[in-house]
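Visitor: pasting the sequence and the predicted coordinates here, then a few questions.
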Number of protein chains: 2
Amino acid sequence: MKFTDFDKTQAYKALQTFFPPETGGTEGGHLTKARIEQSSIPMAGGLHYNYAAKGVQPGLLPLLQALADEQELIAKYKALVAGEVMNTGEKREVLHQQARSVFDDDKPVPQRKDYIEQLAKFSAFADKVHAGSVQGSTGKAFTDVCQIGIGGSDLGPRALYIALENMCPKKMKAHFISNVDPDDPSAVLAGLPLETSLFVLVSKSGTTLETLTNEIFVKTKLKEAGLDPKKHFIAVTSETSPLAHNSDYLDAFYMDDYIGGRYSSSSAVGGVILSLAFGPAVFKQILKGAHEADKLAFESDISKNAALLDALLGIWERNFCGYAATAVLPYSQALSRFPAHLQQLDMESNGKRVNREGKAIAYKTGPLVFGEPGTNGQHSFYQLLHQGTDIIPLQFIGFTESQRKDDVVVEGSNSQAKLKANLAAQIVAFYNGQSVDGDNKNKEFPGGRPSSLIYGKQLTPETLGALLAHFENKVMFQGFVWNINSFDQEGVQLGKTLAKKVLGGNSGNEALEAYSGLLGVLL
Amino acid sequence: MKFTDFDKTQAYKALQTFFPPETGGTEGGHLTKARIEQSSIPMAGGLHYNYAAKGVQPGLLPLLQALADEQELIAKYKALVAGEVMNTGEKREVLHQQARSVFDDDKPVPQRKDYIEQLAKFSAFADKVHAGSVQGSTGKAFTDVCQIGIGGSDLGPRALYIALENMCPKKMKAHFISNVDPDDPSAVLAGLPLETSLFVLVSKSGTTLETLTNEIFVKTKLKEAGLDPKKHFIAVTSETSPLAHNSDYLDAFYMDDYIGGRYSSSSAVGGVILSLAFGPAVFKQILKGAHEADKLAFESDISKNAALLDALLGIWERNFCGYAATAVLPYSQALSRFPAHLQQLDMESNGKRVNREGKAIAYKTGPLVFGEPGTNGQHSFYQLLHQGTDIIPLQFIGFTESQRKDDVVVEGSNSQAKLKANLAAQIVAFYNGQSVDGDNKNKEFPGGRPSSLIYGKQLTPETLGALLAHFENKVMFQGFVWNINSFDQEGVQLGKTLAKKVLGGNSGNEALEAYSGLLGVLL
């Protein structure tokens, strides 16, 4: 296996001379029925990835296939899953796929038995909570569960909870505290029945400033209410952290250093709260969808591997068309916070400027990722997407059926049909555009704005897992192409260090002190 | 008053040759105490705008002042407020500032008396609802209020409500339905006490597809519950719309065509729901802060006008440094949806590719705008902001005090101090960066990443209004510089038209039909 900077590959040179990047490669006006029907790749959970409205000119896919082959993307994925040290910065294995590979006996690593054991352990714990045999300090059954965590311990689990909360019957209502802003825990706690609330403290290292501060915030309130914090807290952490094997917690569930925060939704980080909220069976369906997606991602033919092709088209857009951002646009209100999770997943993984050995690179890496659900976004930032001066590639997501099947017919169609009609219309509008006669071009749409579409029957726990893993694997493949380490996050360290200096009261840095003065840090 | 394309101005040429744009103009390592303390401009509501960490090299500000003067930014603002037709696309006046200019007798336009009248009318209505003298169809007092609207009828009002809901005592709990996805109204209604809920239907034209569909969705549920929809609905609309003077509504409050959707938070669109939720006095405080900001924005000296300088620095970054995006990063959980509002405000206003007469322009206009609250973002996408290959300018917002004053001291500091320390640390980290010895540059931070800081004592209704107007005015000034019309949104039309064709069942467009087939639009 060779690790080569992207711009040193043959494929890079071939792509550079392939097509005038100004046009992005979309063919305005030529989005045919045949092209659309021939451009779908099956994904896990019954989903499909359709790339008809991407800028795929004849001749591009063979070059992308050659890139995948030259950079050995599938071999690297296999090595990662098999336990090679692919997180070169932190010198760690990368095993989040193994955490959901618990139904199979394929390609196990020694750690998988721990993952299976933890899954069984927190599933049993959730069952006991639901049965009322684990109780709060006054002997009442728990009704609510509140996760305390930040970053990967918050965004992924929260996005998944929101995606399912209006579909799956709730065994407990879930809440989330993340920000060190005291208004966050204060407001969340004001809406919680403390006596029957169970708190899940999530920190891999057991040292996350925000999370430990919020733990004390919550425990103070519990004590003030005459409750025993020990009976209201469980921990999700690494077995080597100070939170492990600690009698301050009712129980603890373990992840290891081989599962990065932003990849941890399929570990206990997501599993505990989702199993408590919806029951362990729902969480296992998420894992099943994710694992199916992981298996499909081993396919080396890019025309049969949605995550791989999605990754390569993103590379084409980022490095050769020069597009700086990607919008994620789910036509599903349930996915309202899924773009925020993908924002972390992608930007924290691939927002890097050195290769996996720490050497500077001379090409663009991860794009800016943002998004809001449609149709809401149509009435907000789509104006710029259609008629702005930058082209921003789009990732649409849509489903045939709603989650709740609660609908109304107005003017001959129900709301779900209106939602889907808008989605279909947008793809075509972005691609084809619209010309106008005359001098006033205010109503002209340039078109040529590429998008892809992930579609399926319904957003269920299984399709949600498939979506989650699709994007994780896409981001992984892009990291391999760029020859960067997608699994560390050194860019978060400097701010932490400086904040500690400020709180120490004597930072020895005049800029820190001047800003601290403006903000009244230490009043 | 002259209207000149930006690249035809003298100032454009001067800026083009001013400074090598690669560096962005920040001076790594030279963020001095003096520079920080001398770079604050007072804003309304006791806020300040600090631009010390922007890339302001000696000589830049005079060029930006010359640009402001040459493009007559203040004269254009004055003309706009005085009722000149500045929305050239739709041939309308632009009067959102007049809607909050209700405490003054300065610069009135004829419409202002209507704005004052409507404000009085919906304030009185809110008082009656709170007193229980307006009741639902079973004679019970209203407890909950639910806005049905999308885009500007949703994002701004929702962001303002969330900003205040954990601080201001609630007279009624507010809810929002926006998406045509049926899972949105279905889930919101499942959590509402229908019998005591008042719905506010908001659509200026009275023809918004999503909003009218959701109206029927809600009315169907009310009827099923044996309630009379007429007694549970009020309308906020234009007086010429089908919703006006209509006995289907308990009452109606009017806006006019001179207040654009994304600028309508300070009209009845935001005023009705906020007055019902918090009482009219709170809404008037928002207006007061906004109006104070509007008054300060008349200052022609850029060193004394925060909105103007913010606009010009954004132009410098967008057109001369080549930065494609801006991140809005409030260190305040209460502002969690404020970036989503600014995203619409900015991208829908300035995401344009023709000038105000509809002629093509050859320079970049509005940037991509996105953001999440800190410290949450630090554990998410800040990795890319610090170490990614693109520079993204940052707009920080922070407050000395929390809203709820409910805090805990951990390791010698309370949470609010930790929040502020992180904010101070990030500004310095982004600007100064950090070099490392040796070959491995994974822990190196390039620095030179510009930011500005808006800071104040506390997020209150008045400071919130000041913030809102600051950004509206910034966006307006940028539109004037680019010589575009920031007040229409033709880019949303094509998708609407095509969606209607799809729903008509025979679009005559093979691409629309193929996508409709994939999505099962008309099952």
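Guide: Looks like it came in fine. Residues are numbered from 1 along each chain as shown, chains lettered A, B, ... in the order given.
Visitor: please make it C-alpha for all contacts and neighbour counts, starting now.
Guide: Will do.
Visitor: what's the helix or strand A:Ile74 falls within packed up against?
Guide: Following DSSP states H and E, the helix or strand that holds A:Ile74 is helix A:73-81. On a contact count with 3 or more CA pairs under 8 Å, 6 or more residues apart in numbering or on different chains; DSSP states H and E, helix A:73-81 meets helix A:461-482.
Visitor: how far off centre is the helix it packs on?
Guide: Taking CA atoms, centre = their mean, to the nearest Å, one finds helix A:461-482 lying 8 Å from the centre of the chain it belongs to.
Visitor: kindly export it (C-alpha atoms) in CSV.
Guide: What follows is helix A:461-482, C-alpha atoms only, in CSV (Å, rounded to 0.1, in the frame of the first residue of the first chain):
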residue,chain,number,x,y,z
PRO,A,461,-33.8,3.6,11.9
GLU,A,462,-32.2,1.3,9.3
THR,A,463,-32.1,3.9,6.5
LEU,A,464,-30.8,6.4,9.0
GLY,A,465,-27.9,4.1,9.8
ALA,A,466,-27.3,3.6,6.1
LEU,A,467,-27.2,7.4,5.6
LEU,A,468,-24.8,7.9,8.6
ALA,A,469,-22.4,5.3,7.4
HIS,A,470,-22.6,6.5,3.8
PHE,A,471,-21.2,9.9,4.7
GLU,A,472,-18.6,8.6,7.1
ASN,A,473,-17.3,6.4,4.4
LYS,A,474,-17.4,9.2,1.8
VAL,A,475,-15.4,11.4,4.1
MET,A,476,-12.9,8.5,4.7
PHE,A,477,-12.4,7.9,1.0
GLN,A,478,-11.8,11.6,0.4
GLY,A,479,-9.2,11.7,3.1
PHE,A,480,-7.4,8.7,1.4
VAL,A,481,-7.5,10.6,-1.9
TRP,A,482,-6.0,13.7,-0.3
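Visitor: strands of the stretch 201-350 of chain A, start to end?
Guide: A:233-238, A:251-255, A:325-331 (DSSP state E, counting those that start in this stretch).
Visitor: list phi and psi for the residue of chain A positioned farthest from its centre.
Guide: In chain A, the residue that sits farthest from the middle, by CA atoms, centre = their mean, is A:Gly438; the gap is 45.4 Å. Backbone geometry at A:Gly438, expressed as degrees, to the nearest 10, gives phi 90, psi -180.
Visitor: I'd like the distance between it and chain B.
Guide: 10 Å (CA to the nearest CA, to the nearest Å).
Visitor: kindly report the same for A:Gly505.
Guide: A:Gly505 is 10 Å from chain B, by CA to the nearest CA.
Visitor: next: A:Ser451.
Guide: 13 Å.
Visitor: then A:Phe320?
Guide: 15 Å.
Visitor: now do A:Glu90
Guide: Separation of A:Glu90 from chain B (CA to the nearest CA): 11 Å.
Visitor: where does pLDDT dip in chain A?
Guide: A:20-29, A:523 (pLDDT under 70).
Visitor: what about the closest residue to chain B within the stretch 151-300 of chain A, how many neighbours?
Guide: Nearest residue of the stretch 151-300 of chain A to chain B, counting by CA to the nearest CA: A:Gly151, 4.5 Å away. Using other CA atoms under 10 Å in any protein chain shown, A:Gly151 is surrounded by 23 other residues.
Visitor: which one is it nearest to, not counting chain neighbours?
Guide: Closest residue to A:Gly151 apart from its sequence neighbours, by CA to CA, 6 or more residues apart in numbering or on different chains: B:His379 at 4.5 Å.
Visitor: list the contacts of that neighbour.
Guide: A:150-152, A:344, A:492 (CA atoms under 8 Å, 6 or more residues apart in numbering or on different chains).
Visitor: out of the residues you listed, the closest to A:Leu64 would be?
Guide: Minimum distance to A:Leu64 across the contacts of B:His379 is 26.0 Å, recorded for A:Gln344 (CA to CA).
Visitor: burial count for that closest one?
Guide: 30.
Visitor: residues contacting it?
Guide: Neighbours of A:Gln344 in contact, by CA under 8 Å, 6+ apart: A:151-152, A:155, A:262, B:379-381.
Visitor: just the closest of the residues you listed to A:Lys140, please.
Guide: Using CA to CA, the contacts of A:Gln344 come closest to A:Lys140 at A:Leu155, 29.9 Å.
Visitor: which residues touch A:Leu73?
Guide: A:477, A:480-481.
Visitor: what about 10 Å?
Guide: A:1, A:67, A:79, A:298, A:300, A:308, A:476-481 (CA atoms under 10 Å, 6 or more residues apart in numbering or on different chains).
Visitor: neighbour-wise, give me the winner out of those.
Guide: A:Leu308 (31 neighbours).
Visitor: could you pull up the residues touching that residue?
Guide: A:Leu308 touches A:64-65, A:68, A:73-74, A:296-302, A:314, A:470-471, A:473-478, counting by CA under 10 Å, 6+ apart.
Visitor: repeat the analysis, applying 7 Å as the threshold.
Guide: A:297, A:302, A:474, A:477 (CA atoms under 7 Å, 6 or more residues apart in numbering or on different chains).
Visitor: and it, how far from A:Gly479?
Guide: Applying CA to CA, to the nearest Å, the value for A:Leu308 to A:Gly479 is 12 Å.
Visitor: near chain B, which residues of the stretch 251-400 of chain A? Just list them.
Guide: Applying CA under 7 Å from any CA of the partner chain, we find that the stretch 251-400 of chain A lies next to chain B at A:332-333, A:343-344, A:347-348, A:351-354, A:357-359, A:364-365, A:370, A:375-376, A:378-384, A:386-389, A:399-400.
Visitor: at 6 Å what do you get?
Guide: Listed as neighbours of chain B in the stretch 251-400 of chain A under the rule CA under 6 Å from any CA of the partner chain: A:344, A:347-348, A:351-353, A:358, A:364, A:375-376, A:379-381, A:383-384, A:386-389, A:400.
Visitor: in strands, which of the residues you listed fall?
Guide: In strands, judged by DSSP state E, none of these are found.
Visitor: helices - which of those residues land there?
Guide: Among these, the residues falling in helices (DSSP state H) are A:344, A:347-348, A:383-384, A:386-387.
Visitor: any idea how far the helix holding A:Ile74 is from the chain center?
Guide: 20 Å.
Visitor: count the neighbours of A:Gln111 for me.
Guide: Neighbours of A:Gln111 under the rule other CA under 10 Å: 14.
Visitor: before we move on, back to that, who wins for most neighbours among the ones in helices among the residues of the stretch 251-400 of chain A next to chain B?
Guide: A:His386 (32 neighbours).
Visitor: distance of that one relative to B:Gly89?
Guide: 17 Å.
Visitor: give the other helices and strands that the helix or strand hosting A:Leu512 contacts.
Guide: If you go by DSSP H and E, A:Leu512 is part of helix A:510-519. If contacts are counted by 3 or more CA pairs under 6 Å, 6 or more residues apart in numbering or on different chains; DSSP states H and E, helix A:510-519 sits against helix B:33-37.
Visitor: what sits up against the helix it packs on?
Guide: A:510-511, A:514, B:52 (CA atoms under 6 Å, 6 or more residues apart in numbering or on different chains).
Visitor: same check on stretch A:75-84?
Guide: Residues contacting stretch A:75-84 (CA under 6 Å, 6+ apart): A:Glu93.
Visitor: buried set for it?
Guide: A:75-77, A:79-84 (16 or more other CA atoms under 10 Å in any protein chain shown).
Visitor: kindly report the same for stretch A:80-98.
Guide: Within stretch A:80-98, the residues scored as buried using 16+ other CA under 10 Å are A:80-89, A:92-98.
Visitor: and if you look at stretch A:199-216?
Guide: Those would be A:199-206, A:209-215, for stretch A:199-216 by 16+ other CA under 10 Å.
Visitor: great, nothing more from me.
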